[in-house]
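Enquirer: Take this sequence and fold it.
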Amino acid sequence: MFVANDALTASPAVLKVLDGVVDLHCHSGPSPFPRRLNHVDASWDGARINMRAILVKSHHHNTVMDLLAMESQLAESPTPVYGGVALNTEEGGINPSAVALSLGMGGRAVWAPTVSSAQHLKAHNHDDGFPAAALDLLEHEVSIFDGTGAVSADTVKVTQQVAEAGALLASGHLDGPSMLALFQTARDNGVTRMMLQHPDFIVQDTDEEIQAAIDLGAFVEHEIAMYHPQVEAPRWPIERLIGYIEKFGPEHTVINSDLGQKANPLPVDGYILIVGQLLDHGVPEKDIRTMICHNTAYLLGLEEKP
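Expert: Reported below is the predicted structural model:
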């Protein structure tokens, strides 16, 4: 059983709000990026706050296969863990075959290109604070468009696969116009679970683009890591997060950890700190639970739409 010597202890008030939280952005290992804990560790640590479920994300491989390999260990661990696939260079880009494998083996999520997106490659070349892999993975740009500028046939196929599986489609690190083109195609093809990821980190979406994504049915994700004082960058003030919540509404917002990196706090500790700060700043318990428990459970397919 995983035990961290530096783990935080939550107050009863914070534990009450965290009961049943679903983390859709856990970076446990294995990964080419150094990780603090593996998927089994994350499951055990989640029990500290009675976490309902965890979605583990790798930028480089299909995490469903990790979970199947760890099945005997996970069978004894308390928090259910789910996986999916990010459509980066290592998985063949926008690759319906990779999606078929991941969803067919139990995957719950497909992420649009993250570290292979043009927006990420552009930002990463300007020292955006994103970590580097421990080895050269020969990353190259992956686009959702074909040579004519239209949404590619493979992208259309992927959205159809996601719709058929009832899975989550996340925007990854796509720029605003690419994200909206993806979500429009996805909605047209019947995708009902969509998540716009960290609109103010790397992707730099405008308020108009965020609202357009919401109008297409997407939820807007913000990450605890961005607001945690022990994470190297960007260390934004909690008031920034509250401003987004007030502007777009808790009913359209999800908050996930984006933690698990070797030098960073544990995902659970991130929840304890940031949820405590939200409570201290007067954000209602009901609104916090909407964002961390109910909206996230819907996106993972554990509940019907809130």
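Enquirer: now for the helix or strand of the chain with the lowest mean pLDDT, which elements pack on it?
Expert: Lowest by mean pLDDT, DSSP states H and E among the helices and strands of the chain is helix 118-124, with a mean of 79. For helix 118-124, not one helix or strand is in contact under the criterion 3 or more Cβ pairs under 8 Å, 6 or more residues apart in numbering; DSSP states H and E. To be clear about C-beta, it is placed using only N, CA and C from the backbone, and glycine gets the same treatment.
Enquirer: what sits up against the following helix or strand past it?
Expert: As assigned by DSSP states H and E, the chain's next helix or strand after helix 118-124 is helix 153-165. The contact list for helix 153-165 (Cβ atoms under 8 Å, 6 or more residues apart in numbering) reads 87, 94-96, 99-100, 103, 107, 110, 144-146, 168-169, 182, 185-186, 188-192.
Enquirer: Please identify the buried residues of the least confident helix or strand of the chain?
Expert: 119-121, 123-124 (16 or more other Cβ atoms under 10 Å).
Enquirer: And for stretch 69-79?
Expert: So stretch 69-79, judged by 16+ other Cβ under 10 Å, has buried residues 70, 74, 77, 79.
Enquirer: Could you export those residues as TSV, including distance to Asp287 and secondary structure?
Expert: As requested, the buried residues of stretch 69-79 are exported to TSV (distance: Cβ to Cβ, whole Å; DSSP: H, G, I helix; E, B strand; the rest coil):
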residue	distance to Asp287	secondary structure
Met70	35	coil
Leu74	32	helix
Ser77	30	coil
Thr79	24	coil
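Enquirer: now these in CSV, with pLDDT?
Expert: CSV is the format used below for the buried residues of stretch 69-79 (pLDDT from 0 to 100):
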residue, pLDDT
Met70, 98
Leu74, 98
Ser77, 96
Thr79, 98
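Enquirer: looking at the chain, which residue lies furthest from center?
Expert: In the chain, counting by Cα atoms, centre = their mean, Thr148 sits farthest out from the average C-alpha position, at 30.4 Å.
Enquirer: Please enumerate the helices of the stretch 151-300 of the chain.
Expert: For the stretch 151-300 of the chain, applying DSSP state H, counting those that start in this stretch gives helices covering 153-165, 176-188, 207-215, 238-248, 267-280, 285-289, 295-299.
Enquirer: What of the stretch 1-150 of the chain?
Expert: Using DSSP H, counting those that start in this stretch, helices in the stretch 1-150 of the chain cover 12-18, 39-46, 63-69, 71-74, 96-104, 118-124.
Enquirer: any idea which of those helices is most buried?
Expert: Among these, helix 39-46 has the highest mean neighbour count (mean count of other Cβ atoms under 10 Å), at a mean of 25.
Enquirer: From the contact counts, what lies against that helix?
Expert: Counting contacts by 3+ Cβ pairs under 8 Å, 6+ apart, helix 39-46 packs against strand 53-56, helix 63-69, helix 71-74, strand 81-82, helix 267-280.
Enquirer: JSON lines please, covering these and showing distance to Tyr244.
Expert: Supplementary listing: the helices and strands packed on helix 39-46 in JSON lines, determined by distance: least, Cβ to Cβ, whole Å:
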{"stretch": "strand 53-56", "distance to Tyr244": "21"}
{"stretch": "helix 63-69", "distance to Tyr244": "28"}
{"stretch": "helix 71-74", "distance to Tyr244": "34"}
{"stretch": "strand 81-82", "distance to Tyr244": "26"}
{"stretch": "helix 267-280", "distance to Tyr244": "12"}
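Enquirer: Of the ones you listed, give the one that comes closest to Leu8.
Expert: Nearest to Leu8, of all the helices and strands packed on helix 39-46, is helix 267-280, at 4.5 Å by Cβ to Cβ.
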